[in-house]
Every structure is written in structure tokens, then in C-alpha cells.
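# sequence below, structure please.
(2 chains)
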Amino acid sequence: MSKEITARAVDYSQWYNDLIIKGELADYSAVRGCMVIKPYGFGLWENMRDVLDKMFKDTGHVNAYFPLFVPKSLFEAEEKNAEGFAKECAVVTHYRLKTDPDNKGKLIVDPEAKLEEELVVRPTSEAIIWNTYKNWIQSYRDLPILINQWANVVRWEMRTRLFLRTAEFLWQEGHTAHATEQEAVEETVKMLHVYADFVENYMALPVIKGVKSANERFAGAVDTYCIEAMMQDGKALQAGTSHFLGQNFAKAFDVRFSDKDNNYDYVWATSWGVSTRLIGALVMAHSDDEGLILPPRIAPLQVVIVPIYKGEEQKAMIDEKVDTVVKELKAKGIRVKYDDADNARPGWKFAEWEKKGVPVRLTFGARDIVNGIVEIARRDTSEKQNHNLEGLAGTIEALLEDIQHNMFHKAKTFRDDNIRKVDTWDEFVKTLDEQPGFIAAHWDGTPETEEKIKELTKATIRCIPLDNPQEAGKCILTGNPSKERVLFARAY
RNA sequence: AGGGAAGUAGCGCAGGCCGGUAGCGCAUCUGGUUUGGGACCAGGGGGUCGCAGGUUCGAAUCCUGUCUUCCCUACCA
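Reported below is the predicted structural model:
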């Protein structure tokens, strides 16, 4: 049992906070609602970002950067979108401070430096981007525009949670413009699959691809596609969204083009994004009471090596062996650290690196080296085994892959075991309270019913899965006819 | 935003009711012994007690305000 981490069974929320703080992913800051992402956590984000960035490039996208500030008049142009975000926007009203005449050494906002037009700190960039696209698009030859940006955004939240909900967070937002509706829809779905591919194959987190109900849809979108993941407490976490925006933004910003036949029409749009929130999902889905468990493909460190020795002579002998092994591992592209700090003993190091979720630990004992072996410990199962120094790098390489797959399958088994079909209201309520997870149930398709269910149980429709089997049934609440089951859950 | 709790050394906490100038454990530094699952001994350093006012001869302690964090509720395209 870890000395520093609250057990899941004792306090799930505190467990999550402990993992992040003690695992050194992030720290609290002096700014309300904002956190500091520490080097170890940022290393994780960088790895995620690099993989995603390559996936975006491979699907024909390019990166660009748009302003942090959006003039209020632009922001309000697409009404539904503006309305959706209005109550969580930070607004810049002044551009200058001055020394307080009544209190030397203090600064006050200079009342004479009021902006003529307030600037909204972007909660998302559709407005400024579509205002720009208007100037870039005249002809079908200018389309498609396939741009992504890596940026920070601000959404003023009342309640914050590290990584899951903070006032400022990092993300990427793709914004594309197309000549036809079909092409835009295809783009929306394509990026949803890119996200699912990334989250499943790199983060080892199984997701369900689906479409949001009207209540959960992005403001300003025609359709919102999403990937939903299940956390260890059975709650759902939206891991990524991809929106088909129709012509809503094109109309709001008057973005039109001439097609081959000289027809003049509005362009079709998409936007899609994932954020540092994914780190929260990763932490909550895989970790245990000893600390983080990071999937090898994106772990900042994949292998840590701990020496055990008596005296300088043994240390020198170990150093020599480790040096060779580190070179072999690095030659295979494996991220490895030799922890030979002499101010901590082995047991302390073991606990420390387990807390930080490093997938594989190698223990180099003086005794072992004489026998030509090394101890390999894997974080995901806590198993330890001895291995010959010969062929070690190849074994580690395979082991990292095995851990990656094992983590995915473990998470997938858990998720699949916690999706339950429910057909009556009583059973629905009981299941939500007693067996947290996703519930597949019939729904009559109306926003009113969804709202009522949310009111009564706090559960929302997470998504209507893609390729959902069609099956006649009766709505769980109203008894009205339904043609398919949808997924309900309480969500983060 | 409402309710509750908290903020004292890097971390975790005591002291506070009853005002008198701050202490414990861990960490850190020095020396030594150690090293196969969070070592031990000895010595040392480090804090305007979240911040700002007020009461007082004197405030970590009492009063007012404010900021930050955590928990519950509400909100959350």
C-alpha cells in the first residue's frame, strides 16, 4: 500500500488528486481554477500531441495559429454557439494598469484605458477562424481548407478538477471548410475515427463511438460525434468530439464560394478537438492504489533502471553493465532512465517509480550481474521475473508492447462488464445506484424525456453508438416506442 | 453560486478556546555507517503563521475583509 496515495475505496476523488499531485503530473497554482502542468505531465502531453499531430498531418491537415482574443461582435455572430458559451467567457475590458495614487506600490486598472469593444478570451475559435476563412475562400479551388491549431482556451468553470475541468486548458481544434455537405460529414466521421484510433491504440483506453443527442450537442453544430470512455468508478468521460457544423458558421460569417457550375453557395464546415482532459481520463482509467499506470506508447519514461550495490566497486560494475543496456534500449527508441541517485535506497525508488507509473523497472543487483541476470518488474501486473542479460533489449521491447495490449484489454473487459441492458424504469434507477457503468436502454428520442431522466437520476445520454443495432422497444421512462437502445451514464 | 472544511518550514500537522514573538514528523544540508521493497546515528539550516486592515503595550492566536484549495449541492455546448 502506498504511503502517499489515498486508496480508491476510501475516497475516489482524493485518490485521483493524489495520483496527479504525487505522481508529479501537475500542481495547483495561485490562479483560481488554473493548474501548472509539471514536466512529467507535460512530457506525457507532448507524446500524445506528437502522435496526434502526425495523424492529423497524415490525413492532410496543416497547423496554423489564430488569436487568443475574439472581439465580442465576432463572437456573437453565430448565435447558438455564442449563447452556449456566454456564461463561461472571460472578457478583456481594459488594456492598461497604472499605479494606484492612493496606495503606492499597488496597481489599479486604468479607467481611461477601457476598450471600445470588449475582447472575449476564446473558449473555442470558430468565430475568429470563420471570420478569417471568409477572406480565404472565393472559389471551390480554395477548398477544402484543412487546418488544425494547438492552443489554450479558457472556459470559466465554477468548479474545477485537475485536468478534467480547469479554467484554462490545452487542446487542439481542427477547423475545416468543404464544398459539399457529404465531404464535410465524411471529414467529421474520419476525425472521429482518428481520435478513437489514438485513444485506443496509444492511450490503451477503449471508447465507444457515437452521436450526441440534441441536448448534448455542441452549440452551433448540426451533429456532434463523440468517443466515450468509462472510468473505474463506472462514470463516463467524453474523450473527444467531432462536429459537423453544416453551413451554420458559413452563414453567420458569410463565407460563400463559386462552384464549377458557377453556383454561389455557403461552404460546409467541421470542427473537432481533444484536450488535456484526456490525461485525466488516462489517469482515472488505468491507475491503482500504488499510483499511476501509464501505457508504454505515450509514457514519458518507459523503463527505469535501479541499481542495488554495496560499495563503490559494485556500483562501478553495475554502471558498466547498465551503460551497455541503456545504449541497446535507446537504439530501439525506448525511453529509459538510469536512477543511480545515491540519496535514495532501492526500496524508496521502487515505490517512487511505481507511483509515477513507469511501465517497466529493471533492477540491477550486484549479485545478479555475477549470474548474468536482471530482474524485470512490470507496472501493470506487478509481476517480477528474472531475465538473462543476453537479449534483454528485445525482451523489453516485446514486453512494452505486451503491457500496452494488456492495459487495453483489462480496460476493455472492465468496460464491457459494466455495460448493462435495462428495460424497466425501476431496474434503470437501481442499476445506476448499485452497479455504476453504462446502461443500454430504450429512449423515445425526445429532448424532454432525456431532460426528465437527467433530472431524476443525473444520468445523461452519452451517445447513440455508430452502427447501433436497430431493435424495437419501449422508452424506459415514457413507454413510447423506440427503435434502438442508447447509452446512459453519469458523466464527468 | 450556496453550504461545509482548510491555509503555520518543501510536504504532512500541532499550537489558537485562555494574546507574551513558533514547535513536531518527513524532506533538505554536513559527517559517518548502510543499500534485494519507502535505512540508521550525530550535528546543522530553513517560517514577517495565505494576504490586507483593525483591536492591543504586545496578535499565529481576537475582529473585519480578501485570496486560494478540498468536499457536498447547483451549473457544465
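# against residue A:100, how distant is residue A:93?
18 Å (CB to CB, to the nearest Å). In this view, the C-beta of every residue, glycine as well, is placed from N, C-alpha and C.
# repeat that for residue A:153.
Distance from residue A:153 to residue A:100, by CB to CB: 32 Å.
# so these two - more neighbours on which side?
residue A:153 (18 against 12; other CB atoms under 10 Å).
# can you map out the helices along the stretch 1-150 of chain A?
A:12-22, A:39-58, A:72-75, A:79-86, A:126-136 (DSSP state H, counting those that start in this stretch).
# tell me the most buried of the ones you listed?
helix A:126-136 (a mean of 21; mean count of other CB atoms under 10 Å).
# so is it next to RNA strand B?
No. On the criterion CB under 7 Å from any atom of the strand, helix A:126-136 is out of touch with RNA strand B, staying 10.7 Å away.
# that helix vs helix A:79-86, what angle?
Angle, helix A:126-136 to helix A:79-86, by axes from the mean of the first three to the mean of the last three CA atoms, to 10 degrees: 140 degrees.
# for helix A:126-136, packing partners?
In terms of contacts (3 or more CB pairs under 8 Å, 6 or more residues apart in numbering; DSSP states H and E), helix A:126-136 is packed against helix A:72-75, helix A:79-86, strand A:145-154, strand A:168-178, helix A:248-252.
# one more time with 6 Å, if that's ok
Identification of packing neighbours for helix A:126-136 by 3 or more CB pairs under 6 Å, 6 or more residues apart in numbering; DSSP states H and E yields helix A:72-75.
# gap between the helix it packs on and the chain center?
Between the mean C-alpha location of helix A:72-75 and the chain-wide mean there is a distance of 28 Å, by CA atoms, centre = their mean, to the nearest Å.
# also stretch A:406-419?
18 Å.
# would you mark the buried spots in it?
Of the residues in stretch A:406-419, those buried under the neighbour-count criterion (16 or more other CB atoms under 10 Å) are A:406-408, A:410-412, A:414-415, A:418.
# then it to CSV, C-alphas only?
Below are the C-alpha coordinates for stretch A:406-419, written out as CSV (Å, rounded to 0.1, in the frame of the first residue of the first chain):
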residue,chain,number,x,y,z
ASN,A,406,-2.7,-5.9,-21.6
MET,A,407,-3.8,-2.5,-20.4
PHE,A,408,-6.2,-2.1,-23.2
HIS,A,409,-7.7,-5.5,-22.7
LYS,A,410,-8.0,-5.0,-19.0
ALA,A,411,-9.8,-1.7,-19.5
LYS,A,412,-12.0,-3.1,-22.2
THR,A,413,-13.0,-6.1,-20.2
PHE,A,414,-13.9,-3.8,-17.3
ARG,A,415,-15.9,-1.6,-19.6
ASP,A,416,-17.8,-4.4,-21.3
ASP,A,417,-18.6,-6.0,-18.0
ASN,A,418,-20.2,-2.7,-16.9
ILE,A,419,-22.5,-2.0,-19.8
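# which other residues reach it?
Under the criterion CB atoms under 6 Å, 6 or more residues apart in numbering, residues A:204-206, A:230, A:234, A:285-286, A:295, A:380, A:437-438 lie in contact with stretch A:406-419.
# kindly report the same for stretch A:293-302.
Identification of contacts with stretch A:293-302 by CB under 6 Å, 6+ apart yields A:40, A:43-44, A:47-48, A:202-204, A:286-287, A:334-335, A:337, A:357-359, A:379-380, A:400, A:403-404, A:407.
# mind running it again at 7 Å?
With contacts defined as CB atoms under 7 Å, 6 or more residues apart in numbering, stretch A:293-302 is touched by A:40, A:43-44, A:47-48, A:51, A:202-204, A:286-287, A:334-337, A:357-360, A:379-380, A:400, A:403-404, A:407.
# gap between residue A:425 and RNA strand B?
Separation of residue A:425 from RNA strand B (CB to the nearest atom of the strand, to the nearest Å): 19 Å.
# residues contacting that residue?
Contacts for residue A:425 (CB under 7 Å, 6+ apart) come out as A:476-477.
# okay, domains of chain A per the record?
Domain assignment for chain A by automatic domain parsing gives A:12-286, A:303-402, A:419-489.
# dump those into a markdown table; add mean pLDDT as well.
Shown next, in a markdown table, are those (pLDDT from 0 to 100):
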| stretch | mean pLDDT |
| --- | --- |
| domain A:12-286 | 93 |
| domain A:303-402 | 95 |
| domain A:419-489 | 94 |
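# ok, now which ones touch the residue in chain A positioned nearest to RNA strand B?
In chain A, the residue found nearest to RNA strand B is residue A:365; the distance is 2.0 Å by CB to the nearest atom of the strand. Taking CB under 7 Å, 6+ apart, we find residue A:365 in contact with residue A:308.
# give me that answer again for 8 Å
By CB atoms under 8 Å, 6 or more residues apart in numbering, the residues touching residue A:365 are A:307-309, A:375.
# now do residue A:358
A:294, A:299, A:301-304, A:379.
# in a strand, residue A:274, correct?
Yes. Under DSSP: H, G, I helix; E, B strand; the rest coil, residue A:274 falls within a strand.
# count of neighbours near it?
Counted by other CB under 10 Å, the residues lying close to residue A:274 total 25.
# what's the answer for residue A:421, then?
13.
# ok, now residue A:178?
22.
# beta partners for it?
When assigned by DSSP bridges, residue A:178 has beta-bridge partners residue A:268.
# just to revisit the earlier point, most neighbours among the contacts of residue A:365, which one is it?
When neighbours are counted by other CB under 10 Å, residue A:307 leads these with 24 neighbours.
# angles on the backbone of it, please.
When quoted as degrees, to the nearest 10, the phi and psi of residue A:307 stand at phi -90, psi 150.
# quick one: contacts for the spatially closest residue to it that is not a sequence neighbour?
Excluding the flanking residues, the one nearest residue A:307 by CB to CB, 6 or more residues apart in numbering is residue A:318, at 4.5 Å. In this structure, residue A:318 makes contact with A:307-309, A:364, A:366, A:369, judged by CB under 8 Å, 6+ apart.
# let's see that with 10 Å instead.
By CB atoms under 10 Å, 6 or more residues apart in numbering, the contact set of residue A:318 is A:305-309, A:338, A:340, A:364-366, A:368-369.
# just residue A:150 next, same as before
With contacts defined as CB under 10 Å, 6+ apart, residue A:150 is in contact with A:49, A:52-53, A:56, A:63-65, A:170-173.
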